[in-house]
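Q: Quick one: sequence and predicted model below, then my questions.
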Amino acid sequence: MATDLGKAAKSRGIKYFLISYADLFGTMRAKLVPAAAIGDMAKIGAGFAGFATWLDMTPADSDMFAVPDADSLIQLPWKKEVGWLAADLWMDGERVAQAPRVVLKNGIAAAAADGHDMRTGVECEFFLITPDGQAISDAADHQTKPCYDQQALMRRYDVITEICDCMQALGWQPYQNDHEDANGQFEMNWEYDSALVTADRHAFFKFMVKSIAEKHGLRATFMPKPFIELTGSGCHAHVSVWSRKTGKNLFVDPKGALGLSALAYHFIGGVIHNADALAAITNPTVNSYKRINAPRTTSGATWSPNTVTYSGNNRTHMIRIPEAGRFEFRLADGAANPYLLQAALLAAGRDGIAHRRDPGKRLDIDMYADGHTVKGAKRLPLNLLDALRALERSSVMKDHLGAPFVAAYLKLRHADWNDYARHLTEWERRTTLDC
């Protein structure tokens with residue numbers, strides 16, 4: 001390990017370490033370890049019972065050990081005596097094949113063998129709501145078009161700037177914060193990096209936002225669609241692939257359409273080819289499909305795709321090309337597991353590159369107004385079950401993400417869907433009671 005955690009604790013005044021991992025549902029799990037014990041934990045890991053979290057295990061399985069990645073160390077800016085560490089999961093002397101961070105690292109290693117390094121940035125939208133979760137926290141935030149509302153942004157100045165100050169202190173290079181398209185909704189942007197760094201920061205960002213919101217008596221949620229009439233929370237990813245040998249952006253081609261190279265278009269072709277299976281991972285909850293298949297919101301647009309198309313600088317498509325050298329994937333939402341989002345995108349892109357997949361014709365129309373005129377465009381899944389069935393059929397995802405991961409993920413998510421299907425809603429009673 002490049003970082004000696006014992007020495008780091010002494011030099012930085014860290015008293016405790018959070019050894020943390022994300023389970024298959026993206027829930028962050030951790031143990032709080034005193035600095036005096038970090039030496040042994042760094043070697044053998046902190047012990048967990050895998051069945052007690054969202055992993056496909058049983059109570060009879062061996063202990064699972066979360067071995068911290070010392071280079072991921074983040075000292076909590078709002079509680080400096082605590083250091084956060086992302087961890088990889090091990091069991092019986094082997095990495096846990098279904099563990100999200102392990103899945104991502106395997107994909108990164110495979111891409112590295114091809115000489116490629118995927119670099120990404122994520123745009124994490126979230127709501128600041130009341131502690132009971134029933135309403136947005138700012139009753140004065142009620143404009144029909146609240147996006148970029150200066151007054152509403154400044155009423156949450158103390159929360160937003162504390163989060164941004166933390167990112168600056170951590171060296172993430174945050175560059176803008178704004179009020180988003182829904183009442184009570186915000187977005188904060190920081191600099192892109194290699195996929196694993198971005199995933200670790202994404203995981204920590206969600207923890208940080210929730211913690212600081214609680215500190216201010218509020219609650220933060222990344223739920224895709226917490227309020228049916230308001231725009232949902234996406235997690236757009238900006239993607240590029242760089243050469244490990246030369247350090248150059250391989251997506252850049254001044255002679256290519258919109259400044260993108262053939263490699264970039266093959267990557268996009270892979271994302272388009274695998275979009276329905278991707279959705280099971282990038283839009284992982286029942287609620288996710290209330291965002292991407294939503295009726296018009298009070299602001300006038302959902303800002304979410306429902307068709308598998310790509311365009312130039314046009315936000316009504318699943319993929320947008322805002323400038324040379326990168327594209328924006330607009331499908332993913334706030335519920336996406338930070339590690340699986342990156343792993344799934346990389347898997348789809350590597351498939352596209354390997355098979356030189358053609359993304360088809362670029363569409364520059366307004367898909368919200370004129371999408372009905374496009375013949376043959378593939379639609380995104382209407383619900384989580386459709387997406388899970390697409391993932392079940394996907395040999396690409398099984399090959400690139402690993403059959404053990406896909407099997408475990410499908411098992412738990414199908415159970416999630418079945419639990420939802422057993423739920424009786426008020427809508428059903430209202431529309432069916434007198435049938």
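A: Okay, I see it. Numbers count the residues shown, from 1 in each chain.
Q: Can you name the residues that contact Val406?
A: Leu391, Ser394, Met397, Lys398 (C-beta atoms under 8 Å, 6 or more residues apart in numbering). Where C-beta positions appear, they are placed from N, C-alpha and C, glycine not excepted.
Q: Apologies, that question was intended for Ala135.
A: Ala135 sits next to Ile129 when contact means C-beta under 8 Å, 6+ apart.
Q: hang on, the earlier thing: now the contacts of Val406 in CSV, with neighbour count and pLDDT?
A: Listed next are the contacts of Val406 as CSV, based on neighbours: other C-beta atoms under 10 Å; pLDDT from 0 to 100:
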residue, neighbour count, pLDDT
Leu391, 25, 98
Ser394, 22, 98
Met397, 26, 98
Lys398, 18, 98
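Q: what's the closest of these to His202?
A: Met397 (20.6 Å; C-beta to C-beta).
Q: So which elements touch the longest strand along the chain?
A: Secondary structure of the chain per DSSP state E: the longest strand is strand 116-129. If you count contacts as 3 or more C-beta pairs under 8 Å, 6 or more residues apart in numbering; DSSP states H and E, strand 116-129 packs onto helix 100-113, strand 185-190, strand 193-194, helix 195-215, strand 219-221, strand 235-243, helix 338-354.
Q: packing partners for the last one?
A: Looking back up the chat, that one is helix 338-354. Using 3+ C-beta pairs under 8 Å, 6+ apart: helix 338-354 touches helix 100-113, strand 116-129, helix 195-215, strand 235-243, helix 262-273, helix 275-282, helix 395-401.
Q: one more time with 6 Å
A: helix 100-113, helix 195-215, helix 262-273, helix 275-282, helix 395-401 (3 or more C-beta pairs under 6 Å, 6 or more residues apart in numbering; DSSP states H and E).
Q: Just say which of the ones you listed is most tucked in.
A: Mean neighbours per residue, mean count of other C-beta atoms under 10 Å, is largest over the helices and strands packed on helix 338-354 for helix 275-282, with a mean of 26.
Q: So which elements touch that helix?
A: Going by 3+ C-beta pairs under 6 Å, 6+ apart, helix 275-282 lies up against helix 338-354, helix 384-393.
Q: CA-only coordinates of the first one in CSV, if you can.
A: By that I understand helix 338-354. Extracted in CSV, the C-alpha atoms of helix 338-354 (Å, rounded to 0.1, in the frame of the first residue of the first chain):
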residue,chain,number,x,y,z
PRO,A,338,-21.6,4.3,-7.9
TYR,A,339,-19.4,1.3,-8.7
LEU,A,340,-21.8,-0.6,-10.9
LEU,A,341,-22.7,2.5,-12.9
GLN,A,342,-19.0,2.7,-13.9
ALA,A,343,-18.6,-1.0,-14.4
ALA,A,344,-21.7,-1.3,-16.6
LEU,A,345,-20.8,1.6,-18.8
LEU,A,346,-17.3,0.2,-19.2
ALA,A,347,-18.7,-3.2,-20.1
ALA,A,348,-21.0,-1.8,-22.7
GLY,A,349,-18.3,0.4,-24.2
ARG,A,350,-15.7,-2.4,-24.4
ASP,A,351,-18.3,-4.5,-26.1
GLY,A,352,-18.9,-1.7,-28.6
ILE,A,353,-15.2,-1.3,-29.3
ALA,A,354,-14.5,-5.0,-29.6
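Q: what does the following helix or strand past that helix rub up against?
A: The element immediately downstream of helix 338-354 (helix or strand, assigned by DSSP states H and E) is helix 367-370. For helix 367-370, contacts defined as C-beta atoms under 6 Å, 6 or more residues apart in numbering pick out Ala301, Thr316, His317.
Q: number of nearby residues for the second one?
A: Same thing as Thr316. Counted with other C-beta atoms under 10 Å, the neighbours of Thr316 add up to 24.
Q: Give me the pLDDT value at the residue lying closest to it once chain neighbours are set aside.
A: With sequence-adjacent residues excluded and distances taken as C-beta to C-beta, 6 or more residues apart in numbering, Thr316 is closest to Met367, at 4.0 Å. On pLDDT, Met367 comes in at 95.
Q: Next: Ala294.
A: pLDDT, Ala294: 89.
Q: neighbours of Gln134, just the number please.
A: Close neighbours of Gln134, defined as other C-beta under 10 Å, add up to 9.
Q: Could you look up the SS state of it?
A: Look at Gln134: counting by DSSP: H, G, I helix; E, B strand; the rest coil, its state is coil.
Q: report the angle between the axes of the longest strand of the chain and helix 100-113?
A: Following axes from the mean of the first three to the mean of the last three C-alpha atoms, to 10 degrees, one obtains 150 degrees for the angle between strand 116-129 and helix 100-113.
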